[in-house]
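J.: got a sequence here, can you model it:
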Amino acid sequence: MAHTPERIPVLAMWSAPRCRSTAFARMMTERGDRAVVHEPFSRVVDFGEVEVGGRVARNEQDVLAALRALATERSVFFKDTTDFHYPVLLADETFLSAATHTFIIREPAAAIASHHVLNPDLGRDEIGFAWLYEIFTAVQTATGTTPVVIDSDDLLDRPAETVRAYCEAVGIPFLPDALSWEPGMRSEWQSTNKWHKSTSETSGFTRGKSGGAKAVEADPVLRAYLDYHLPYYEKLRAVALRP
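T.: Modelled structure (predicted):
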C-alpha cells in the first residue's frame, strides 16, 4: 500500500457516459458548499482546453494543477466521464490517494442505448466502464481502501437514502434541500448541451423515459460492446453502497 499523503479537499465523481452523473453534479451545485467543476478531464481531451476555477488548462497535467490550486481556496467537487483514457491521472498516485474519488454506475445496456442515441458512431472503449474500473482499481491501490460506488438506479429509486449514504461515506453533511432544484440549462453545460438536455429538464432525481436496452442486446455490434463492459460494471456493482 502506498503512503497516504495529506488529504486535499477535492471530491471527485467518475462515471461512464450516460450514468446520470450530471444530475448528481447538479445536486452538488445546489448544496452551495463547494466549487463544482464540470468534466475538466474529458473537456480538455475533447476541446483542447478547459477553464478550472479561472485557470485555463490545456492538458491533463494542467487540469490536475488547476484542481489542486482551486482546492487551496475552497473545497472542490468535480465530476467526469470515462469516454476517454486519462494516463496522466492514472500516473499521479498523490492525486489518486489525496483526493476523495467516488464512482457512479448504471446498468450498461441502458447506458449504451442512451449513449448510442447521441453518438451513433459509438466505439467500444468510449462506453467507458473498462476505463472507469481502471481508475477505481488505481484509487484502490493508491489508498488501500475500496472507493465509494453508488448505482444510479438506487439514486432514482431512493434518492434521499442513497445521497445520505454517499454523504456519510465521504464525510460531508447530508443536505436534503439539495435534492431538488430549478430546471434549466446551466452555463457550464452549454458547449456539450445535447448530452445534458434531459438533466436540464428535471428538478430532482427522476426516471426519464428509458428503453433501448433490448435493441442493444439485439444489435450484434452493441451486444459485443455490452459483453465487453458488463464484467467491469458487475465488479463495481458488487461493492456499491446499499442504501
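
J.: run through this protein and note the low-pLDDT ranges.
T.: 1-5, 184-201, 209-211 (pLDDT under 70).

J.: quick one: contacts of the longest helix seen in it?
T.: Scanning the chain for the longest helix, with DSSP state H as the assignment, gives helix 220-238. Applying CB atoms under 8 Å, 6 or more residues apart in numbering, the contact partners of helix 220-238 are 16, 103, 105, 107-109, 112-113, 116, 122, 124, 127-130, 132-133, 136, 149, 151, 215-217. No exception for glycine: its C-beta is placed from N, CA and C like everyone else's.

J.: is it possible to mark the buried ones in those?
T.: In those, burial by neighbour count holds for 16, 103, 105, 107-109, 112-113, 116, 122, 127-130, 132-133, 136, 149, 151, 216, counting by 16 or more other CB atoms under 10 Å.

J.: from the residues you listed, which land in helices?
T.: Judged by DSSP H, the subset of the buried ones among the contacts of helix 220-238 located in helices is 108-109, 112-113, 116, 129-130, 132-133, 136, 216.

J.: which one of these sits closest to Phe84?
T.: For these, the residue nearest Phe84 by CB to CB is Leu132; the value is 11.3 Å.

J.: and the gap between the residue nearest to the closest one when sequence neighbours are not counted and Gly128?
T.: Leaving aside its sequence neighbours, Leu132 sits nearest to Thr82 (CB to CB, 6 or more residues apart in numbering; 4.4 Å). Distance of Thr82 to Gly128, computed by CB to CB, to the nearest Å: 4 Å.

J.: and Gly144, by the same measure?
T.: 25 Å.

J.: re the thing from before, now for Thr82 and Gly128: what residues contact both?
T.: With CB under 8 Å, 6+ apart as the test, Thr82 and Gly128 both reach 15-17.

J.: can you put the residues you listed in CSV and add distance to Pro40?
T.: Output for these, formatted as CSV (distance: CB to CB, whole Å):
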residue, distance to Pro40
Ser15, 14
Ala16, 17
Pro17, 15
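
J.: tell me the one of those residues nearest Arg26?
T.: Among those, Ser15 lies closest to Arg26 (CB to CB), at 13.2 Å.

J.: contacting residues for the closest one?
T.: Ser15 neighbours (CB under 8 Å, 6+ apart): 21, 79-82, 103-105, 128, 132.

J.: among these, which are in strands?
T.: 79-81, 103-105 (DSSP state E).

J.: pick out the most distant pair among the contacts of Ser15.
T.: Asp80 and Ile105 (14.3 Å).

J.: once you drop chain neighbours, what's closest to Cys167?
T.: Spatial nearest neighbour of Cys167, excluding adjacent residues (CB to CB, 6+ apart): Phe174 at 4.2 Å.

J.: help me confirm that that neighbour comes into contact with Glu168.
T.: Yes. Under the criterion of CB atoms under 8 Å, Phe174 makes contact with Glu168 at 7.2 Å.

J.: now the helices for the protein?
T.: 21-31, 40-47, 60-71, 87-91, 93-98, 108-118, 129-143, 152-157, 159-170, 197-200, 213-218, 220-238.
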